[in-house]
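Engineer: What would the 3D arrangement of this be:
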Amino acid sequence: MRFNPKARLDTSRVRDGGGGGASGGPMRIPLPGGTKAGGGIGAVLIVILFLVLTQCTGGGLPSPGGGTSSGTDTSRMQDEERYQNCRTGADANSDVDCARVAVENSLVDYWADTLPSQSDTGFSPASMTTFSGAVTTGCGQASSQVGPFYCPPDQGIYLDTTFFADVLEGQLGGRGGDFVEPYVLAHEYGHHVQNLMGTMGRVRTQQGADSDAVRLELQADCYAGMWTAHAEDSELITLDDADIAEALDSAKAVGDDRIQQKSGQGVDPEGWTHGSSEQRMAWFTRGYEEGSLEACDTFSASDL
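Structural biologist: Sure, this is the predicted structure:
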């Protein structure tokens, strides 16, 4: 993955939340394998789903086409100048933090054009906050154990960047690469799109291979595929086959069946919340190849 060195970057929606203490507040729930950082392989995605479907549903979920009542609360963000030198695509080519800004810019540009053109929903951008240790959000306080997540009440994406090396590669066995983080960010931005469209309100069943929760997550993967196809042809980002392979490998690594196997459990589809490795790769590919909200309608699909 490379960036156009002449492109100008917009850092206005990206902040660093700094560090924090141990996890606390309503985000703490029991984690498989222990509660210490990195202690539960299955915890990361289970807690993310918990955030999206329970803690994060209060306090202002928008109606379709609208924002939230609270909007983005920038008072939670402590700008520690992490992104102050991210000005151009050349900076993104040499600095992973600036690359994150460039990906965010591309996601905003894509969905600002795509969402209104393919639906009746208006677009407003999400904020993006990196942190270390713990962070306070509109959904409460979250620790590094949560992994990347989206919080609907403040329309924010939160990311402890150690997740990729410590969990995705270390615990789940993903092979890594420079397109892994963009895939994850695109998935979380997919949740923002679902929030704007009111799709999260359609979730009733929260576990099981055919549950609404799985449909929500697979749709976010599909939306990530849509953006990836756009990024591949954009003036800002240059991708190659290796980048697509890295995205698919990451989707495979976070499949529910893979997580259950890695945590020493037997594979039990009744406990799935995000979909199998095969499903996640398939829906990412569908979004990548077909490129439309209609093609990503997992809630109408008879066969996931």
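
Engineer: show me where pLDDT drops low in the stretch 1-150 of the chain?
Structural biologist: Residue ranges of the stretch 1-150 of the chain with pLDDT under 70: 18-80.

Engineer: Could I get the full set of strands for it?
Structural biologist: 2-3, 14-19, 127-132, 134-137, 140-143, 149-151 (DSSP state E, counting those that start in this stretch).

Engineer: again, but for the stretch 201-304 of the chain
Structural biologist: Under DSSP E, counting those that start in this stretch, the stretch 201-304 of the chain gives strands at 237-238.

Engineer: all helices for it, in order.
Structural biologist: Taking DSSP state H, counting those that start in this stretch as the criterion, the stretch 201-304 of the chain contains helices spanning 212-232, 241-253, 256-262, 277-290.

Engineer: Is it possible to get CSV of those that adds mean pLDDT and mean neighbour count?
Structural biologist: In short, each C-beta sits where N, CA and C put it, glycine included. Output for those, formatted as CSV (pLDDT from 0 to 100; neighbours: other C-beta atoms under 10 Å):
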stretch, mean pLDDT, mean neighbour count
helix 212-232, 97, 25
helix 241-253, 92, 20
helix 256-262, 88, 21
helix 277-290, 97, 21
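
Engineer: what's near enough to touch residue 216?
Structural biologist: 52, 191, 194, 199, 200, 202, 203, 298 (C-beta atoms under 8 Å, 6 or more residues apart in numbering).

Engineer: of these, closest to residue 139?
Structural biologist: The nearest member of these to residue 139, counting by C-beta to C-beta, is residue 52 at 8.7 Å.

Engineer: Would you state the helices of the stretch 51-200 of the chain in chain order?
Structural biologist: 89-94, 96-118, 163, 180-197.

Engineer: just how off-centre is the shortest one within its chain?
Structural biologist: Mean-position distance between helix 163 and its chain equals 12 Å (C-alpha atoms, centre = their mean, to the nearest Å).
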